[in-house]
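1. Everything below, folded, please.
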Amino acid sequence: MASLSSLTEFVASQDELLREAALTLPHEFSRCTYSLGPIRQAVYLCLTCQLPRGLCSSCSIACHTDHEQIELFPKRNFRCDCPTKAIPHGCTLHRSLEEENRENSYDQNFRGNFCRCGRPYDPKCERETMIQCLACEDWFHESCLHLRPRPSSRESSPVPEHEITDHGHDAEDNHSEASSSGLPLPLISAEDYDAFVCSSCVHSIDTLRRYAGTQGTIMVVRDTEDSPWRKLGNNPLCADAPTTAEDDLLDIDDSLAASGQKRSRSHSFHSEEPERKKQHISPEPSSPCLAPAPNSVAQAMLQSSQQPSDIKVSLTEGDVFLTEGWRERWCRCSRCFPSLSDRPYLLEEEETYEPPEDPDSALSLEELGMRALERLPRDRAIDGIRAFNDMRLAFPSDTSDESSSRIFTGMTYLHISGRSLRKAE
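-> Below is the predicted model of the structure:
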């Protein structure tokens with residue numbers, strides 16, 4: 001028979017798990033977002049259903065609980081597919097069957113592929129850091145952006161003890177991220193930029209292409225095929241000159257591996273200054289163009305990267321990294337503004353839907369059990385109490401104090417009420 005101390009420790013561990021769960025999933029997942037229409041929301045791909053369709057957060061938990069899924073993270077203008085005819089697995093939250101969503105856009109992410117390399121994403125073995133494009137919302141490997149070496153192996157590599165050193169608070173996070181896989185720091189670290197836009201999207205946005213390589217709009221380039229990759233647009237004095245500073249260069253060594261995580265670089269999900277959100281979102285007529293002079297090196301490389309060639313040496317992919325305050329730096333003259341206004345997320349921070357908070361998330365097993373017991377029909381509640389008393393009498397007398405009562409209340413009530421609810425169904 002288990003001792004009182006071990007039972008107390010067990011309940012304490014369960015309480016700790018509940019607290020962690022409340023912090024991890026503080027929301028209520030009882031409502032499908034289909035009725036809200038197309039919104040920006042977290043989207044999930046169900047691999048078990050084997051369909052290129054997306055689920056909202058609630059349906060991923062309530063309707064596809066036992067299915068294998070991949071989190072695609074926020075997608076704008078997306079409507080949940082779970083209650084539609086596109087998915088044969090019936091939605092348990094939205095009872096009426098709806099027509100397929102014709103306005104949703106399904107890119108390669110909905111086939112489980114990511115980045116310009118088109119590789120599938122497996123969170124169990126993927127070791128590379130991935131960054132989300134602000135515009136198309138696809139995910140890109142750091143090695144494909146020439147920020148880190150491309151990994152030659154998926155196996156974890158230990159960190160040599162002599163490489164773990166203290167570099168101060170400013171570099172501590174970056175060093176920890178890099179050394180976790182035995183890597184040097186990335187060419188552009190997370191603290192160096194606020195948002196990332198991939199090359200395909202840069203070419204489709206005239207104003208952003210014009211800004212490429214200027215101060216605050218960083219590109220990754222190299223001068224020749226054998227040159228190391230460097231940052232362009234990070235030097236306010238001479239943005240188009242080759243940089244030789246050690247922190248701006250990265251020799252690509254294919255023998256190294258990369259760290260694994262998925263990271264979105266746009267901070268538009270959580271605005272720290274909401275009062276500034278609506279400022280400067282209209283054009284300024286009759287105003288002179290305030291855009292910086294185009295970077296000749298960047299423009300030549302961008303133009304060259306689009307020209308077809310049988311043997312082409314890539315000097316840049318054409319991606320840009322926008323530093324903090326980039327929305328305030330846009331020129332809003334009649335020439336620059338149109339390509340920005342067509343994409344509102346370039347002018348103001350987006351709102352991303354989150355499910356409402358769950359009022360029960362902070363309740364203990366004891367409180368949840370009591371609440372479930374109170375909702376039972378009277379005869380089943382009496383059966384539950386009798387079963388509880390029988391279970392309590394089966395334990396030694398030294399477990400009948402307040403602590404054991406809490407143990408039984410938290411465990412037995414929840415178990416009995418759950419069993420009775422299942423019978424009622």
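2. now the helices for this protein?
-> 4-24, 57-62, 169-179, 199-204, 206-211, 296-305, 337-341, 365-374, 378-393, 402-408, 414-424 (DSSP state H).
3. What is the least confident helix or strand in this protein?
-> strand 249-250 (a mean of 42; mean pLDDT, DSSP states H and E).
4. which one's the longest strand in the chain?
-> strand 69-78 (DSSP state E).
5. average pLDDT for that one?
-> If you average the pLDDT over strand 69-78, you get 95.
6. Parallel or antiparallel, which strands does it pair with?
-> strand 39-46 (antiparallel) (DSSP bridges).
7. all strands for the stretch 201-350 of the chain, in order.
-> 217-221, 229-232, 249-250, 261-264, 320-322 (DSSP state E, counting those that start in this stretch).
8. Mean pLDDT lowest where, among those?
-> Taking the mean pLDDT of the strands of the stretch 201-350 of the chain, strand 249-250 comes last: a mean of 42.
9. Could you count how many residues lie near the closest residue to Ala86 other than its chain neighbours?
-> Spatial nearest neighbour of Ala86, excluding adjacent residues (CB to CB, 6 or more residues apart in numbering): Glu100 at 4.5 Å. All C-beta atoms are positioned from the backbone trio N, CA, C, and that covers glycine. As a burial measure, Glu100 scores 11 neighbours (other CB atoms under 10 Å).
10. In this structure Glu100 contacts Ile87, no?
-> No - when contacts are counted by CB atoms under 8 Å, Glu100 is not listed as touching Ile87 (9.2 Å).
11. which residues do the two both contact?
-> Asp81 (CB atoms under 8 Å, 6 or more residues apart in numbering).
12. Low-confidence regions, the stretch 51-200 of the chain specifically.
-> 151-183 (pLDDT under 70).
13. Counting neighbours, which bits of stretch 346-355 end up buried?
-> Leu346, Leu347, Glu348, Glu349, Thr352, Pro355 (16 or more other CB atoms under 10 Å).
14. quick one: average pLDDT of it?
-> 93.
15. That stretch: end-to-end distance?
-> 25 Å (CA to CA, to the nearest Å).
16. Could you give the number of residues near the nearest residue to Met219 once chain neighbours are set aside?
-> Counting by CB to CB, 6+ apart, Met219 lies nearest to Leu232, which is 4.5 Å off, once chain neighbours are set aside. For Leu232, the tally of surrounding residues (other CB under 10 Å) stands at 27.
17. The residue nearest to Ala86: what's it in contact with?
-> Asp81, Thr84, Lys85, Ala86.
18. Repeat the analysis, applying 7 Å as the threshold.
-> Thr84, Lys85, Ala86 (CB atoms under 7 Å, 6 or more residues apart in numbering).
19. Surely the first one is in contact with His94?
-> No - the pair Thr84 and His94 does not pass the contact test of CB atoms under 7 Å, sitting 9.2 Å apart.
20. Tell me which of these two has more neighbours.
-> His94 (21 against 18).
21. From Gln306, how far out is the more buried one?
-> Per CB to CB, to the nearest Å, His94 is found 45 Å from Gln306.
22. got it, and Ser6?
-> Counting by CB to CB, the gap from Ser6 to Gln306 is 68 Å.
23. what do you get for Tyr345?
-> Tyr345 is 24 Å from Gln306, by CB to CB.
24. what about the two, which has more around it?
-> Taking neighbours as other CB under 10 Å, Tyr345 and Gln306 compare with Tyr345 leading, 17 against 9.
25. low-confidence ranges in the stretch 201-350 of the chain?
-> For the stretch 201-350 of the chain (pLDDT under 70), the answer is 235-286, 308-313.
26. Please name the residues that touch Glu68.
-> Glu68 sits in contact with Leu47, Thr48, where contact means CB under 7 Å, 6+ apart.
27. again, but for Glu71
-> Glu71 neighbours (CB under 7 Å, 6+ apart): Ala42, Tyr44.
28. What's opposite it in the beta bridge?
-> With DSSP bridges as the rule, Glu71 is bridged to Tyr44.
29. For burial, what's the neighbour tally of Cys63?
-> Using other CB under 10 Å: Cys63 sits among 23 other residues.
30. measure it to Cys331 for me?
-> In terms of CB to CB, Cys63 sits 47 Å off from Cys331.
31. Equivalent analysis for Asp192, please.
-> Counting by CB to CB, the gap from Asp192 to Cys331 is 23 Å.
32. Kindly report the same for Gly37.
-> 33 Å.
33. the more surrounded of the two?
-> Cys331 (19 against 11).
34. how much space is there between that one and Arg102?
-> 37 Å.
35. now Cys49
-> For Cys49, the distance to Arg102 - CB to CB - is 19 Å.
36. Between the two, which has more neighbouring residues?
-> When Cys49 and Arg102 are compared for neighbours, Cys49 comes out ahead with 19 against 6, by other CB under 10 Å.
37. Next one, pLDDT for that one please.
-> 92.
38. how close does it sit to Asp206?
-> From Cys49 to Asp206 the distance is 40 Å (CB to CB).
39. Repeat that for Thr65.
-> 46 Å.
40. swap in Gln69?
-> 38 Å.
41. again, but for Leu97
-> For Leu97 relative to Asp206 (CB to CB), the value is 43 Å.
42. what about these two, which has more around it?
-> Asp206 (15 against 10).
43. For the residue lying closest to that one once chain neighbours are set aside, give me its contacts.
-> Excluding the flanking residues, the one nearest Asp206 by CB to CB, 6+ apart is Ser339, at 4.4 Å. Contact analysis of Ser339 by CB under 7 Å, 6+ apart lists Ile205, Asp206, Thr207.
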